[in-house]
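Colleague: Pasted the sequence and its predicted model underneath.
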Amino acid sequence: MTKRVRTRIAPSPTGDPHVGTGYIALYNYAFAKQHGGDFLLRIEDTDQSRCSDASEQAIFDSLRWLGLSWDEGPDIGGEKGPYRQSERLKIYRAYIQQLIDSGAAYKCTCTPERLAEVRKRQQALKQPTGYDGHCRDRDPAEVQAEIDAGAPYVVRLRTPRDGATRFVDLVRGEVSINNTEVDDQVLMKSDGFPTYHLANVVDDHLMEITHVIRGEEWISSTPKHILMYDAFGWERPNFVHLPLLRNNDKSKVSKRKNPVSLNYFKEAGYLPDAMVNFFGLMAFSFRDEREVFTLKDFTEELDLKRISLGGPVFDLTKLLWLNGRYLREQREVPQVLSYLKEQLFQEDYLVKVIELVQERVEKSEDFIPYASFFFAGDVETDPKWLMLKGATKKESRAAFEMLADRIDALQEFSPESIEETLKGTCQDSGLKPKQFFMPVRMIITNKKGSPPLYDTMAVLGKERCRFRIRKALERFKQWEPPKAT
Ligand code: GLU
């Protein structure tokens, strides 16, 4: 009997929901549905210091927005739950013990200081860095005695020293990685939390995942996973590593170059069916070379043999073109009306805008010209606005870059957190508020006088603010200050 196909998307809830998650989720969803199987959502939140509930919620919301619904997951349950790794710690502890008992893993009491020294030595000798195996062949009783006396410890995978680990990738064929390149990976940290590798393998097995379809960046982890499947005596799932999304210059997509948060695309008015279509085009082409298709078409047509591995470019110009086509060809006027109401004219948004604008206008006709920046994506800016008084171009650029990075990292985007970020950036760049605040106001609103800056930014939202800062920065980078005459 062939097994029921089960796939999963396993994001870590850190930061904003990434376009890569939408892209990989689509292929997993379509593959499972094509085979009459199940698509699962698992939250990989073992790195507690970086994970947040808000980020988890944003993953749910954006995948639902895309129409990629899951059959089992943390919010809807299922037979193989819980589907949040932080709720499965007991399970991992039992399994790690099994690996220790069989000798496939070992306890290690090396201190962070010792590991730092080893690393330094390896770097000085121009050797590859990695764990030097100090605890690997020690007498386990001796290591245990240290642990009993209170020494913190981690558990590591005992990777073979020679030979190679091989696996089949359904798209790439056989992949072979020399074991010398595979580190004795930490599987359980000193706080008792599993690392990604252990939790991922145990869960994929217990959740009966048949096809692990994930991004190319995990290929180097796969040998570690294979070694664990073999050590547990478990059947390996099938692996597919999809190519990474790239910027136009072929570098890996990054928020420094382009928006990569699904929130941005949702707020900017990209249509979910156009997004799904665009993700579909990233690694796959239809036999008839069709470029416009629905999720249903994609689900029917997806064929791993037609996956292409060349770095797909996440080309915003193409996405915009596609979105335009969807808006013109796939939406009737009443639908566009609801789209505009939803995207731009939601009542609670209008109320917030009115609260900031009311005292600054005289009559209804004045609202739109005055408040237009509340309804736009980018605003026009002059690069010279970013040239801070008394600072060099380099210093000015660094200050705005710091601001954009800090805004990217903000979980909560409120007048208070914005104030703190702006003031902190000012101070850490050695600038005075007087030098910095007006230019920020101008690149956000295209106006010298606007409602209070922190409130204005909070109403505009994080995605729009960071988009405007990054766009203004791009223009500034290309700009040459006029030569003094
Ligand atoms: N938690 C990993 C991620 O954030 C999952 C990778 C995998 O699919 O194995 O992408």
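Modeller: That came through fine. Numbers count the residues shown, from 1 in each chain.

Colleague: quick one: contacts for the closest residue to residue 234 other than its chain neighbours?
Modeller: Spatially, and ignoring its direct neighbours in sequence, residue 234 is nearest to residue 205 (5.0 Å; C-beta to C-beta, 6 or more residues apart in numbering). Where C-beta positions appear, they are placed from N, C-alpha and C, glycine not excepted. Going by C-beta atoms under 8 Å, 6 or more residues apart in numbering, residue 205 touches 229, 232, 234.

Colleague: so of these, which ones are in helices?
Modeller: Counting by DSSP state H, the part of the contacts of residue 205 found in helices is 229, 232.

Colleague: for whichever residue of the stretch 151-300 of the chain sits closest to the ligand, helix, strand, or coil?
Modeller: Of all residues in the stretch 151-300 of the chain, residue 214 sits closest to the ligand, at 3.5 Å by C-beta to the nearest ligand atom. Under DSSP: H, G, I helix; E, B strand; the rest coil, residue 214 falls in the strand class.

Colleague: Is it correct that it is in contact with residue 241?
Modeller: Yes: at 6.3 Å, residue 214 counts as touching residue 241 under the criterion of C-beta atoms under 8 Å.

Colleague: what separates residue 327 from the ligand, distance-wise?
Modeller: Residue 327 sits 31 Å away from the ligand, going by C-beta to the nearest ligand atom, to the nearest Å.

Colleague: Can you verify that residue is assigned to a helix?
Modeller: Yes: under three-state DSSP, residue 327 sits within a helix.

Colleague: For it, give me its contacts.
Modeller: Contacts of residue 327 by C-beta under 8 Å, 6+ apart are 271, 336, 339.

Colleague: what's residue 271 in contact with, if anything?
Modeller: Residue 271 touches 323, 326, 327, 330, 331, 339, counting by C-beta under 8 Å, 6+ apart.

Colleague: And the residues you listed, which is closest to the ligand?
Modeller: Using C-beta to the nearest ligand atom, those come closest to the ligand at residue 323, 26.0 Å.

Colleague: in a helix, that's where the closest one is, yeah?
Modeller: Yes: under three-state DSSP, residue 323 falls within a helix.

Colleague: Grab the nearest non-local neighbour of it.
Modeller: Leaving out its chain neighbours, the residue that sits closest to residue 323 by C-beta to C-beta, 6+ apart is residue 274, at 4.4 Å.

Colleague: Tell me if I'm right that that neighbour and residue 331 touch.
Modeller: No: Residue 274 lies out of contact with residue 331 (C-beta under 8 Å); the separation is 10.4 Å.

Colleague: Between these two, point out the one with more neighbours.
Modeller: Counted by other C-beta atoms under 10 Å, residue 274 and residue 331 do not tie: residue 274 has more neighbours, with 21 against 15.

Colleague: So for the helix or strand hosting the more buried one, mean pLDDT?
Modeller: Following DSSP states H and E, one finds residue 274 within helix 272-283. The average pLDDT for helix 272-283 rounds to 98.

Colleague: which helices and strands does it pack with?
Modeller: helix 19-34, helix 53-66, helix 262-267, helix 295-301, helix 316-329 (3 or more C-beta pairs under 8 Å, 6 or more residues apart in numbering; DSSP states H and E).

Colleague: I'd like those helices as JSON lines, with distance to residue 473 and mean pLDDT appended.
Modeller: As requested, these are exported to JSON lines (distance: least, C-beta to C-beta, whole Å; pLDDT from 0 to 100):
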{"stretch": "helix 19-34", "distance to residue 473": "21", "mean pLDDT": "98"}
{"stretch": "helix 53-66", "distance to residue 473": "25", "mean pLDDT": "97"}
{"stretch": "helix 262-267", "distance to residue 473": "16", "mean pLDDT": "96"}
{"stretch": "helix 295-301", "distance to residue 473": "36", "mean pLDDT": "98"}
{"stretch": "helix 316-329", "distance to residue 473": "16", "mean pLDDT": "97"}
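
Colleague: what's the most buried one of those helices?
Modeller: Comparing the helices and strands packed on helix 272-283 by mean neighbour count (mean count of other C-beta atoms under 10 Å), helix 19-34 comes out on top with a mean of 24.

Colleague: Show me what the following helix or strand past that one is in contact with.
Modeller: Counting by DSSP H and E, the next helix or strand C-terminal to helix 19-34 is strand 38-41. Defining contact as C-beta under 8 Å, 6+ apart, one finds that strand 38-41 is touched by 4-10, 28-29, 32-33, 59-60, 63, 68-74, 78, 80, 83, 207, 209.

Colleague: and strand 38-41 with the ligand, contact?
Modeller: No: residues of strand 38-41 are not located near the ligand by C-beta under 6 Å from any ligand atom, the shortest gap being 11.2 Å.

Colleague: Same question for stretch 13-33.
Modeller: No: shown here: stretch 13-33 not in contact with the ligand (C-beta under 6 Å from any ligand atom), separated by at least 7.2 Å.

Colleague: Return that stretch as CSV; C-alpha atoms alone will do.
Modeller: Extracted as CSV, the C-alpha positions of stretch 13-33 are listed here (Å, rounded to 0.1, in the frame of the first residue of the first chain):
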residue,chain,number,x,y,z
PRO,A,13,8.0,32.5,14.1
THR,A,14,10.7,35.2,14.1
GLY,A,15,10.2,38.6,12.7
ASP,A,16,7.8,39.2,9.8
PRO,A,17,6.3,36.4,7.7
HIS,A,18,8.7,35.9,4.8
VAL,A,19,7.9,35.6,1.1
GLY,A,20,10.0,32.5,1.1
THR,A,21,7.5,30.9,3.5
GLY,A,22,4.7,31.7,1.0
TYR,A,23,6.7,30.3,-1.9
ILE,A,24,7.7,27.0,-0.2
ALA,A,25,4.3,26.6,1.4
LEU,A,26,2.7,26.8,-2.1
TYR,A,27,4.8,23.9,-3.5
ASN,A,28,4.1,21.8,-0.4
TYR,A,29,0.4,22.5,-0.5
ALA,A,30,0.0,21.8,-4.2
PHE,A,31,2.1,18.6,-4.0
ALA,A,32,0.0,17.2,-1.1
LYS,A,33,-3.3,18.2,-2.7
